[in-house]
Structures are given as structure tokens and as C-alpha cells.
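1. Provided below for reference: sequence and predicted model.
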Amino acid sequence: MKLPPFEYHRPAVLEEALGIMAEHGDQARPLAGGQSLVPLLAMRRVRPSHVVDLHRVAELQRISVAGGRVRIGAMARQRDLEHDPRMPGLVRAAIPHIGHFQIRNRGTVGGSLCHLDPAAEWPAVALALDAVMVAASVRGRREIAADDFMLGPQTTALEPDELLVEVIVPLGDEGFGFAEVTRRGVGDFALVGAACHGSAVAVFGAGPRAQRLTAVEELLRSGSGSRGEIAALAATEIQATDELHTSARYRREVAARLVGAVVDASQTSGGLP
Amino acid sequence: MKVTVSVNGRPWSGEVPARLTLSDLLRDRLGLTGTHVGCEQGACGACTVLADGEAVRSCLLLAVQADGMQLTTVEGMGAPGRLSSLQAALLRHRAFQCGFCTPGFLISATEILGSGRRYSRQELRELLSGNLCRCTGYEPIVEAVFECQR
Amino acid sequence: MPTVGTDEHELLVTGRGRFIADIAPDDCVEVCFVRSPVPHAGIRSVDLGSTQATWGAELGLQPLRLEAGGMVTVLWHPLPTERVRYVGEPVAMAWSTDRYAAENLAEAIFVDYAPLPAGTPLHDAAPDGVLFSRAVDSGGLDEAMAQAHLVLERTFKTARQSALPLEGRGVVAEHDPATGVTTLWTSTQLPHLVRRGVAHALATDEDSVRVMVPHVGGGFGLKASLYAEEIAVAALARRLGRPVRWIEDRTENLLAGTHGHDTRIWLRVAVGQDGRVHAIDADVLSDVGAYSVWPGTAGVEPATAALSLFGPYALEAIRFRARAIASNRCPVGPCRGIGQNAAVFATEQMMDAIAAALRIDPLELRRRNAVRELPWTSPIGRELDSGDYLALLGRLEEASDYQGLLGQRAAARTEGRLVGIGISLFNEISASGSVDYRRRGVTSLPGTDAARVVVTAQGRVEISTSAADAGQGHADTYRALAERELGLRPEEVEVIEGTPRAARTAAGPSSPAARLGWSRASSRPCARRPNRTWSPAPTSPTSTIRCRSIRVAPTSPWSRSIRSAWPPTWCATSRSRIAGGCSTKTWWRGRCAAPSPWASERCFSRSTPTQRTDNS
């Protein structure tokens, strides 16, 4: 399990990084925290000819607030966001569930959102926040809604020459809730999980990608619907597939119950169920 | 590519291939074999080192990424006859058997203890869950770290 | 671990241990294996892709075979040249200056596999796939079933597992053409059997192979088998004339490190009205993968499981059939508990089923069934030498606050929470040695261990065994025993395992050397024990006496006399007998050859009563 050979780039500014991406396109992989990419490289599951290390591009780590929105640089580390008061409560609630603290010391929000592990927390959080991804290339920038950004495991809507540079989330808090179920406890990959922000509800770990539950959200917005009814509706809406450790049925049923719990939490304490 | 690092207070400089992991740099080039490799996926924690004071998986860092960093490995923590207080606590509590996971635990515990906070045993169990041990059952490790909290 | 001083722990806690991956001789090459990606296929051809690669056809390795009672003898070719039988089986190897480059070269190796249809038997000698079969019948089973108040039948299954030591396997081999000796460092639990197996596979004698054991980062049974990689790395070192190193990664460990368990037990019990289990009828089937592991054999999992069923319970009749079935999976070897996990699981689940059927409290049911008076021999001849199971159950009831737990369970259930109480009473097979091996009909291997206690000319005590610590704390244990039995302080004791200086298991019982040892020893009046044979007599002035089949005795009258007779300080005159009580006892039960006149070391034996021999 040793990495295959590749050409290593260490751009100092974004323009340089984008130039490399433009030149090498789909033969290039950006290296963010490395907590997901390096294992793939070690197992030789991916064999990019070029690896573009983004750690020296300072502007990708910047966090700024403007117009009621928080712009998070794609290279912002999980550990830095965990306690940043500018982050929505949902973000600060979800991050401690991401791996272990040693992983969070290097892992980045951009890396998680581009890797799109079906069990990852960030994609569901981004969906529930109606986050906007900012993609950049030598051709310019464009904004992509979170739901449009996530196509499937490790598959984003980014063009081969694009980099994710920013994630935009709302400033200020609505009621929120976050919960996940793991096999062993804190730090393990989630079996399933749910996130709620205001009336937005997302589930992760049940299928190939995180999913918004629009029917559940409609029920929520209508004001009626008990916790049990919400969970029951979620169970019909969640798309689940069988997986090595858990059946589709387990994923659907447990995720539905988590939906009930996080909606409850968002309406009461605004936090964790 | 050229890499310059400071390891346990000592500078080291050399040419390395881009794909060399930090764990392999430390073990094979610097001869610091106390950092162990158990999975090369970041899951087991045996390879954990301090990079600029933060615990990281050295198997998931490229050596070239460590350029300019201050690294601490288990060799920088104490020596036979001159144990650190954390090492002495692990010894007292018999918190290791085969010893393979021990360096990783020492490094992770160093960051945990460095926060200055007093965690409960349950919190410590969760914090230490990023390091796997196949021998001890974890209890003596948790006790040793708990005892070291000021 | 070679010589272990009392600061061994300080080495480990400061990261100064020396594990296999920490050993890299100068000029060493690093190996990467090419492993089968298919479960069952013929090998049509191998294109090595470079000059730094090889495979079985070039290395000329001898196949190994195991013979034991109930076993179908199949050959195991360490690097197969004709057929692969499981995903992960090593087929070829590439080498380079480091593992990164070796992996690149390994990618250039092309093996042309011809997949075999599903259901093709793995071994011609076992067309039905049964590698091991053993049936035992104490008699009386059918009558017991006919007369039973209740007969229950259940099937239990334990999943296939990996012992998953945190440190994977690894081998470093170096060949010295001047002496013809190949030295292996390997992360193993069985250095002497590895030596034997490697020597056989390389078609050389055991004295031409040395095995050294470094610090081992856990074994748990996964390192208690001989591996193709150990043989292949040794062979390559001999061929290249350079040290060769292989350190496995986690993927290899999961694929090709022996697996464990994977046993199905069908169990039928004959129960009386009072819950007493009178008889059991069992069929134990283990999926042992593609080969019989060496030296454990394919029988180790199913036979141990069958023999462990209802271990602590007093049965009147037992009938079982234990079989090992081959499959296109990684071979199953010893794995933490071996068959006992499956057996205890089946036993205790069945006990709970009986308790539920007869409405008897599960703890009470175990009390009614536990063997009451020990020593006790089971209907099939298993000997329980000591224990007090009733007292143990009493302590369990107290320590767990069993009545309190029952209350908690009832309360939880009224709330709709499903809470259960699990009870398990079990005993564990131990002290398995040459006698058991013979009983099982294992003729390929001696099944012996060796231990040696030596007082050096400098007055230190060296304790050495043929075992190899993998984190279990052998050194601490031996020192504690030395303190208790001989009154020694820990710092006076050195422990040696895993090097050529360590006590060695000898050749088989029929070797001429053993006969010589026997004859030397017989000149002294000694307590005799049957079935013990002795290792070669000392042949050099500094050699030591070796004894076999060691069992450490509990405190005995002999040991107390030693403590009083033995002075804490030593006379250090070289090459002469050392003053002190010639002990009676205690490390060894059984006979030990007397110290030879020229030996500068002394071995404790039971052969002579307490006496002091002064050297002054």
C-alpha cells in the first residue's frame, strides 16, 4: 500500500493552482487535507498523474462574513470551524462527529464536500443549509447549489479543470438538529444520520448520496405533523440501498427515526436531540 | 523534492520523492522507528505524530507536506531512565502489552493533556478512540491519561 | 524478543522497541508479493516483467504436508506453480530497494490465470472437500436421547474473523554463504516450528536455519502458523545473496493472514426433568479455507470446538463428529480461543434454551449441571484436573448482584425495553503438549516446548523458553515465578526467547540424540514419568541441560525448601559448579538429566532431594 508515482505541485496562489488544473484537467487531483485522498492513493485506487497540494494557497483558508452569509474557504480545517462562532450551529454540532480529532486536524470542508463519501456529515449539512458551492477555473467562477453539486460518491459537478474554492452558508441561527448512528461510538463512520436546519431536512448514509426530504419539509412548513408522523413520512421518502454492514431496511428505518429526533431538536432547544 | 523539517528539536533536510509518506520518512530516512505503521489508512492511529503541536496521522501526510513543520515523535518524549510523566503513568498502570500502539497513544494523549482541560473518563475514552489497541482493553490507558490531568 | 532485562517496559513505552519493520540490514531489498485476485484458478503462465521478480517455479520450494489422526494428507506448495486456491494467495514476488519501487515492479508481473468452475474440488486427495474428520462416541447416546424428558436441537454459527494484531506480519532473511546458515527474523509466535518448516521447504537441515523473533506487536494466533512468505523470503535471500525484507500491509494482513473460527455447530441435547443435561450429540463443521495450516492443522478449529462442548458440565454420554471443510478462502488457523469460542457460544446458548424450555433460572441450571467434584474425567476421556465450578458460580452470582440484575431486567421489560442477562460458564484447554499431539496422531511435529533455567558464572539467572512473547508478558511471568519459587529478585533474572540462545525444542522422540540423553540420565535414580523423552545430551563445556514438556508446578513442598536452602548470592567461579542448593523441583515435573561434570551451569531437577553442594 504505497502511493504510485505522480508529479507534485505546490502552488502558492490560486491563479497558479487553476493554471495547473487547466493544463492537466482530469489527470490532476487536488490535495486538500489528504485524509480521504491519501488512503485512496495508498491503495492505488486512484492514479492521478498530477497532485496539486493546495495548502499554500492562503486565500482558500479565509473565512469572511458579508450580506448575511458566511463564505468558508474550501481549505478551512474541520478543527478550526468546530469552534468558530461565525459558523451556523448545525456546522458546529456536526463537526465533532467527523472522524477523530487527529483527522480533523488536517481534514478540510472542501475535501469532504468533493470526496462525497455517502456516510460523510458535510454533504448533509450543506444540503440542510442550502449551501452554495463556488467553483473556480481559469474561465472564471460559478456558483452551484449544494443539491446540484453532489452527483454521487466521489462525483461532483465540478468540471475537470475546476476547483471548489468556497462554501457559502447562511449566517445566524435557525433551529437546528443533528444526529447520527455509528457502530462503535464517537469517531466511527456513520451508519446513517440526519440534519435539520429550520425546515430543511437532510439524511445521509442511507444511499449513495445525502438527500433532502422535500415531502417531510412540506409537512414541517405546514406546521402540523407530530414527530411520529414526520418519521413515518420520512421512512417512505428516504431512498436506501443495501450495504455491507447494514440493510436498506435498517438504514431507512433508523434514518427516519433520526429525522424525527432532529426535527424535534430544531423546534425545541435548537441543538442536539 | 527538498524537505526541511525539525524533528524533536533537530533539523533535517533532504531530497525525497513526492509520494513518500511522512511515516516512511521518519522511519526509513531518519531512523525514528518508534512511529509505527499499522494500517496506512489513518484508522489505527499507531503512526500519530505531532505536527506543529497537533496530532496528525503521519501515514496520511506526504513528507513534502511536512516542509517547514516542527514535528514531535515518541523519541522526543522521553528515554529509558528519563521517562516523561505520561510515560511513567502508562508504566505504572500497565497501560501497554505488546507496545505497538503505545507511541501513537502517547502523542494523542499529549495533545489532549495540552488543552489543560480536565476531562471525565468517558470523555477521555471518546477522545482516545482515534487510537486502537488490540491488547489492553483500553481501561489502563484511560486511567493513566486521566491521572496525568492536572 | 532476544534478551530481556527488567527495563524492557521502558524500551516499549519510549518507542525503542525493535519490531520486525524496524529491522533493515544494509544492502537489503524489499519485497512485494503478487497475490491471486481470483479464488480458484489454474496458473497458465507467469510473465515476470523484469529481472527483479520470481515465482515458485524458479525457487524450487519443497511442499509441506501434515500428517495427523483424521487428516487427509494434502500437499501445500508455498508458492504454487499450478493452481491458486484463494484470493490473496501469494504467487510471485518482486523486489527493489524500497517497497514503493517494489510495488511498481510487482504491477509489471502478469499471471495468466485460468479460472476453474465453481465446485471444483480444491484437492485431489479430498474430493469431498473434507480435510479432517474425527468422530468420537462414548456410547449410551441413543439410550439417553430415548429416555430424555426433553430433547432440544439447535444450530449455532460463528463468523469468520481475523485476529487482527495491530502489527502485521513481516520477515527479514539473510543468508551467510560461508556457514550455509540462513537467518530469519520474523514476527512469529512459533520460532522453532518456523525454523523446522522453512528448513524443510528449502530442503536443508534445521541447523542451517536460525529464527530470531523481534518484539512482536500482537499475534493472537495469526502469527502462530508458518507462512509461504517466510519460506519465500528465505529462499530469495539464499538466491540473491543479499538480505531480503518483506513487511505486510493491512490489506495483505486481512486477505492472507490466517483467518479464525467460521464454525457451525449442530447440537442436540438430552435433558432430564430437573434440567440435568445427560448427553449431547454434536456435529461440528469448520470452513478452514484452502489449506491445512502448518503446524496447527485443519483440525485445530473443529476438533478443539468439539472437545470443548459442555466443558464444565457433567455429562454421561457424548457423541460428536468434527470436520474441517476446504473452501476457496484464506486458511483458518489458531485465532484467540480457537474452537472454544464456537463451542462455548453453542453450549451457553443451548443452556439458555433449556432454561427457557423448562422454566428454570439459567444460573440455577448451570449449578445443577456443573461438574461437582474434581478431578473428573468426561465420558470421552477429557481430564479436568482442578477447579471449583460451584464456588465460581456462587462468586459470579454475588459479584454481579444477580438478584439485582433480575429486578432490573423485569423493570426494563415493563417499560418495553428488551434487556437480557448473559451467563457463560466455561473452562479452557491448556497444557497441550506432546502427549496430546500423540493422542491426536500428529506425527509430523513433536508438540514439545522447552524451558531452561541457568545460573551463569557471573551469578545471574537466565530463564529461557522455546516460546515467543507477542505481548503477553512472558518475562514478567517468569520473573514472578522465579521470585515466588526461588526467591530471586526481578533484576537478577534475564529472560531469553526468540534467539538461538533460547531453549530449543529438540528433534522428534525417536532421534538418536534423545536416546543418548535418556541413557545418560538413567544413571541417576529419578522419579520417572511415562511419555517423556529427553533432548540431546550436552556436548560442549558451556552447553546446558535441556528438558522437555515443562509444566510449572504450583507451590509445592520442594519449592519451599529451595527458598530456605538457596543463598541469595552466588559464588562466581567460572567453569565450576556453583554453590547453592541443588534443587528439588519445581520448574520441571519429570526427569531432567543430571548436570554434566564440566557444565558451568546448573539445572534444577526433581531427581535429587534437597542438598547443598559447596564449591569452596
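-> Perfect, I can see it now.

2. and chain B, what are its domains?
-> For chain B, automatic domain parsing gives the domain ranges B:2-76, B:85-148.

3. tabulate those domains (JSON lines), appending mean neighbour count and distance to residue C:41.
-> Glycine gets a C-beta too; all of them are placed from N, C-alpha and C. Listed next are the domains of chain B as JSON lines, based on neighbours: other Cβ atoms under 10 Å in any protein chain shown; distance: least, Cβ to Cβ, whole Å:
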{"stretch": "domain B:2-76", "mean neighbour count": "21", "distance to residue C:41": "28"}
{"stretch": "domain B:85-148", "mean neighbour count": "20", "distance to residue C:41": "34"}
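
4. need those in TSV (columns: distance to chain C).
-> Shown next, in TSV, are those (distance: least, Cβ to the nearest Cβ, whole Å):
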stretch	distance to chain C
domain B:2-76	2
domain B:85-148	3
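
5. could these be laid out in a markdown table, adding mean pLDDT?
-> Below are these laid out as a markdown table (pLDDT from 0 to 100):
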| stretch | mean pLDDT |
| --- | --- |
| domain B:2-76 | 98 |
| domain B:85-148 | 97 |
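
6. contact residues of chain A facing chain C?
-> Within chain A, the positions adjacent to chain C are A:1, A:2, A:3, A:4, A:5, A:43, A:44 by Cβ under 8 Å from any Cβ of the partner chain.

7. picking that back up, could you dump the domains of chain B into JSON lines and include distance to residue A:182?
-> Below are those laid out as JSON lines (distance: least, Cβ to Cβ, whole Å):
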{"stretch": "domain B:2-76", "distance to residue A:182": "14"}
{"stretch": "domain B:85-148", "distance to residue A:182": "10"}
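
8. ok, which of those comes nearest residue C:7?
-> domain B:85-148 (10.4 Å; Cβ to Cβ).

9. can you give me the first-to-last residue distance of the closest one?
-> One end of domain B:85-148 to the other measures 7 Å (Cα to Cα, to the nearest Å).

10. find the nearest non-adjacent residue to the residue in the stretch 51-200 of chain A that chain B sits nearest to, please.
-> Closest to chain B within the stretch 51-200 of chain A is residue A:100: 2.9 Å, counting by Cβ to the nearest Cβ. Using Cβ to Cβ, 6 or more residues apart in numbering or on different chains and skipping residues adjacent in sequence, the residue nearest residue A:100 is residue B:130, 2.9 Å away.

11. what about the helices in the chain?
-> I went with chain A, as the question did not name one. With DSSP state H applied, chain A shows helices at A:14-24, A:37-42, A:78-81, A:89-94, A:101-104, A:109-115, A:121-128, A:146-149, A:214-222, A:227-237, A:248-267, listed in chain order.

12. that's the other chain; I wanted chain B
-> Using DSSP H, helices in chain B cover B:22-24, B:85-92, B:102-114, B:121-127, B:139-148.

13. export these to JSON lines and tack on distance to chain A?
-> Shown next, in JSON lines, are the helices of chain B (distance: least, Cβ to the nearest Cβ, whole Å):
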{"stretch": "helix B:22-24", "distance to chain A": "8"}
{"stretch": "helix B:85-92", "distance to chain A": "17"}
{"stretch": "helix B:102-114", "distance to chain A": "6"}
{"stretch": "helix B:121-127", "distance to chain A": "4"}
{"stretch": "helix B:139-148", "distance to chain A": "14"}
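
14. residue B:111 versus the residue of the stretch 51-200 of chain A closest to chain B, what's the distance?
-> 11 Å (Cβ to Cβ, to the nearest Å).

15. between the two ends of stretch A:156-175, how far is it?
-> Stretch A:156-175 end-to-end distance (Cα to Cα) = 29 Å.

16. around chain A, pick out the residues from chain B.
-> B:1, B:17-19, B:21, B:24, B:40-42, B:45, B:48, B:51, B:54-57, B:59-62, B:64-65, B:108, B:111, B:126-127, B:129-130.

17. and the chain, what are its domains?
-> Since no chain was named, I'll use chain A. According to automatic domain parsing, the domains of chain A span A:7-52, A:61-170, A:176-267.

18. oops, wrong one, chain C.
-> Using automatic domain parsing, chain C is parsed into the domains C:4-115, C:130-162+C:258-414, C:450-466+C:503-613.

19. and the first one, does that touch chain A?
-> So that's domain C:4-115. Yes. Residues of domain C:4-115 contacting chain A under Cβ under 8 Å from any Cβ: C:99, C:100, C:103, C:104.

20. contacts only, for the last one.
-> What it means is residue C:104. Neighbour list for residue C:104: A:4, A:5, C:96 [criterion: Cβ atoms under 8 Å, 6 or more residues apart in numbering or on different chains].

21. rerun at 10 Å
-> Contact analysis of residue C:104 by Cβ atoms under 10 Å, 6 or more residues apart in numbering or on different chains lists A:2, A:4, A:5, C:32, C:50, C:94, C:96.

22. and the residues you listed, which are buried?
-> Neighbour-count burial (16 or more other Cβ atoms under 10 Å in any protein chain shown) is assigned, among those, to A:2, A:4, C:32, C:94, C:96.
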